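K.L.:
just to be clear, the model below is a prediction. Sequence and coordinates:
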Amino acid sequence: MNIPAGTIPTAKADKKIKINSELKTEFFRRYFRVVHGLFAVLILIQFLPDQLQTETYIFYVIWFAVGVEILTLILSAVIKKTASLNLFTDIVGFIYGLLIAWTLATAKFNLLKAALFPPPGKVFRQFINDYDKILVNIQSSVGIILQGYLLALIIAIPLGLFLGWNARLGSSATYISKFLGAIPPIVYIPYGIALLPTFKSVSVFVIFLATFWPVLSGTMSGVMNVEKKTIDSAKVLNVGKFTMLFSVILPASLQQIFIGCNQGLTVSFVLLTSAEMIGAQSGLGYYIKNYSDFGDYTRTIVGLIVVGIVIVIISFIFNSIQKYLLRWKQ
């Protein structure tokens with residue numbers, strides 16, 4: 001068979017052109033995004049004249065933005081999934097947009113009262129100056145959360161499995177848990193202060209109550225709603241009660257258990273911050289309340305931002321664990 005002259009080179013050239021086109025498209029898709037334009041706007045507005053008489057510390061904002069932009073470019077090259085990359089760049093874009101609006105409303109146009117709403121550069125500078133103090137307070141708050149939360153999980157999940165497995169006990173326990181779970185745990189703080197030796201133990205007790213009832217209810221609900229065919233299949237294999245509970249019922253109930261765990265985790269953060277504002281001598285709630293009492297709203301905003309960051313990180317870790325343990329449902 002005679003192959004026309006130039007056919008193979010032309011095919012190779014077309015393939016090379018196609019590959020180059022795809023690479024260019026992928027390059028533009030990853031590195032030419034709105035988020036990078038917002039970064040440029042954020043940097044440029046820092047050099048507009050300030051309307052405040054006090055120092056605005058613009059270079060702290062610039063260094064923060066540059067650091068975030070470098071991280072964005074690195075992750076743009078590393079992240080393979082388009083959805084994950086879009087999510088990350090959307091979050092970064094929101095941060096840039098917030099900083100742009102914050103800078104314009106404070107340092108550049110002085111639209112907000114400076115004592116209550118300091119410019120972002122001043123807040124970043126305060127964060128660096130209080131870095132050691134913030135770490136100590138984070139350690140205190142997270143330590144209390146972990147102690148109360150894990151203690152509640154250790155007790156509530158096995159108890160929920162047992163009560164949910166027993167139809168008669170489960171029915172009555174459901175109503176009891178709904179009644180007791182409806183009582184805000186924060187009302188127990190005065191009793192905890194009177195009965196327990198330290199405010200830290202009071203905080204752990206409150207976090208325990210905030211987590212225990214949602215997890216117990218979620219576990220019982222999960223057990224009582226396990227499909228009958230799953231249980232029948234296990235009975236055919238003649239498995240023991242312990243194996244039935246922890247190898248069959250528990251995995252099948254995990255989705256409902258995690259709903260209770262999520263509820264407990266959300267309420268725990270709210271209660272801990274509230275409790276620390278009442279009588280603690282450490283923790284993020286104490287940090288915010290202490291400086292707000294003295295009218296230091298720069299540190300107050302620092303505390304609020306740190307609380308948000310800590311909650312996001314812990315929630316991300318929790319969701320990653322949940323996704324891993326429920327991977328078999330995907």
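P.N.:
Thanks, I have it.
K.L.:
pLDDT value on Val68, please?
P.N.:
Looking at Val68, its pLDDT stands at 96.
K.L.:
grab the nearest non-local neighbour of it.
P.N.:
Residue nearest to Val68 in three dimensions, not counting chain neighbours: Val92, with 6.2 Å by CB to CB, 6 or more residues apart in numbering. C-beta here means a position set from N, CA and C on the backbone, and glycine is covered the same way.
K.L.:
alpha carbons only: can I get the host helix or strand of that neighbour in PDB?
P.N.:
For Val92, the element it lies in under DSSP states H and E is helix 82-103. Extracted in PDB, the C-alpha atoms of helix 82-103 (Å, rounded to 0.1, in the frame of the first residue of the first chain):
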ATOM      1  CA  THR A  82     -11.100  21.300  38.800                       C
ATOM      2  CA  ALA A  83     -13.800  21.500  41.500                       C
ATOM      3  CA  SER A  84     -11.300  21.500  44.300                       C
ATOM      4  CA  LEU A  85      -9.200  24.300  42.600                       C
ATOM      5  CA  ASN A  86     -12.400  26.300  42.000                       C
ATOM      6  CA  LEU A  87     -13.400  26.000  45.600                       C
ATOM      7  CA  PHE A  88      -9.900  27.100  46.800                       C
ATOM      8  CA  THR A  89      -9.700  30.100  44.500                       C
ATOM      9  CA  ASP A  90     -13.200  31.200  45.300                       C
ATOM     10  CA  ILE A  91     -12.300  31.200  49.000                       C
ATOM     11  CA  VAL A  92      -9.100  33.200  48.300                       C
ATOM     12  CA  GLY A  93     -11.100  35.600  46.100                       C
ATOM     13  CA  PHE A  94     -13.500  36.200  49.000                       C
ATOM     14  CA  ILE A  95     -10.600  37.000  51.300                       C
ATOM     15  CA  TYR A  96      -9.200  39.400  48.800                       C
ATOM     16  CA  GLY A  97     -12.600  41.000  48.300                       C
ATOM     17  CA  LEU A  98     -13.100  41.400  52.000                       C
ATOM     18  CA  LEU A  99      -9.700  43.000  52.500                       C
ATOM     19  CA  ILE A 100     -10.300  45.400  49.600                       C
ATOM     20  CA  ALA A 101     -13.700  46.500  51.100                       C
ATOM     21  CA  TRP A 102     -12.100  46.700  54.600                       C
ATOM     22  CA  THR A 103      -9.200  48.800  53.500                       C
END
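K.L.:
in that helix, what's buried?
P.N.:
Leu85, Phe88, Thr89, Val92, Gly93, Ile95, Tyr96, Leu99, Ile100, Trp102, Thr103 (16 or more other CB atoms under 10 Å).
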